[in-house]
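# Here is the input, now give the coordinates:
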Amino acid sequence: YKGQACLGYTHFQPAQLTTVGKRATLWLQDLLEDLEELEFVQTRMKLLGCKGTTGTQESFMKLFKDEEKVKQVDKKIADKMGFDKVFAVSGQTYTRKLDSIVLNCLAGIAESASKFANDMRLLQHEKELEEPFEKGQIGSSAMAYKRNPMRSERINSLSRHVITLANDTKMTVAAQWLERTLDDSANKRICVPEAFLAIDAVLILYANITANIVVYENVIKTNMMQELPFMGTEEILMNAVLKGGDRQELHEKIRIYSMEA
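This is a model prediction of the structure:
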């Protein structure tokens, strides 16, 4: 359906024509931005390593009496954990900015998914596109004819939660005292895993919808034809200006006729 002409909207009012495929490229572009950000964050991931109670590594220097050996301990621990680098300096913990960076990346995915889900809900209201409706699925317990965009609504709901969780990590970074306080711990154990689990669910839903979007070509054409005379006024305006007309005067005339129509 990529070449299927359809109404484009600004302010959710018919604006100019676009295509079903062109609109989908906007969704895809957002996901590509998220993928680039994800890959960038992965390259920046560092492990704490073995730094000691306040991050000085003093006790390890006493044990090994060799700075190079202390560095090797850091590297061996990182290798074991699947990291290729460690933080050069730390307090008792690695900087909690890492958590903030990671959840900010997940929140970016949530933003894109939520935008897609909002668009799907609007277009399903217009009866142009529809998310897949399973055989036997009940749209409403009271209204048997209804087909609600339940998956898209679930994406919106979970995405909102992930975006909110990202703020938890930002507050934790900002609230840390000196080398370390423990007010990060309980919060992190909730917000970090929940964000990953929620994004997993969001992407499963996103994949399910996009694999089975229903396109109603006749409704798209009907909606388009209803607005097409108004779409043509821009061409009239441009051609009239090319013939020497005053744009402001012409615009006002077309505006009045359009409102009357």
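# switch to C-alpha atoms for all contacts and neighbour counts from now on
OK.
# Can you give the distance of stretch 110-128 from its chain's centre?
13 Å (CA atoms, centre = their mean, to the nearest Å).
# pLDDT of stretch 57-68, averaged?
Mean pLDDT, computed over stretch 57-68, is 87.
# Stretch 192-212 now?
Mean per-residue pLDDT for stretch 192-212: 97.
# And it, how far out from the chain middle?
That offset, for stretch 192-212, works out to 11 Å (CA atoms, centre = their mean).
# Return the set of buried residues in it.
Of the residues in stretch 192-212, 192, 195-196, 198-199, 202, 205-206, 209 count as buried by neighbour count, 16 or more other CA atoms under 10 Å.
# And stretch 72-83, by the same measure?
74-75, 77-78, 83.
# Is it possible to get CSV of the residues you listed that adds secondary structure, distance to residue 59 and pLDDT?
Conversion of these to CSV gives the following (DSSP: H, G, I helix; E, B strand; the rest coil; distance: CA to CA, whole Å; pLDDT from 0 to 100):
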residue, secondary structure, distance to residue 59, pLDDT
74, helix, 14, 89
75, helix, 17, 90
77, helix, 17, 92
78, helix, 19, 92
83, coil, 24, 91
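# Looking at those residues, spot the one nearest residue 4.
Within those, the smallest distance to residue 4 is 47.4 Å, found for residue 83 (CA to CA).
# State the distance from residue 90 to residue 218.
62 Å (CA to CA, to the nearest Å).
# Of the two, which one has the most company?
residue 90 (21 against 11; other CA atoms under 10 Å).
# what sits against residue 160?
110, 114 (CA atoms under 8 Å, 6 or more residues apart in numbering).
# Same question for residue 104.
163, 166.
# and it, helix, strand or coil?
helix (DSSP: H, G, I helix; E, B strand; the rest coil).
# Pull up the gap between it and residue 41, please.
For residue 104, the distance to residue 41 (CA to CA) stands at 10 Å.
# Show the backbone phi and psi for residue 169.
phi -70, psi -30 (degrees, to the nearest 10).
# what sits against the closest residue in space to it that isn't next to it in sequence?
Nearest non-adjacent residue to residue 169, counting by CA to CA, 6 or more residues apart in numbering: residue 100, 4.8 Å away. Shown in contact with residue 100 (CA under 8 Å, 6+ apart): 166-167, 169-170, 173.
# Repeat the analysis, applying 7 Å as the threshold.
Neighbour list for residue 100: 166, 169-170 [criterion: CA atoms under 7 Å, 6 or more residues apart in numbering].
# circling back to that earlier point, output the buried residues of stretch 72-83 in TSV; the columns should cover distance to residue 52.
Listed next are these as TSV, based on distance: CA to CA, whole Å:
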residue	distance to residue 52
74	11
75	15
77	14
78	15
83	19
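# Do I have it right that residue 212 meets residue 132?
Yes - using CA atoms under 7 Å, residue 212 is in contact with residue 132, at 5.6 Å.
# Now do the helices in the stretch 151-261 of the chain.
Applying DSSP state H, counting those that start in this stretch to the stretch 151-261 of the chain gives helices spanning 185-211, 217-242, 247-260.
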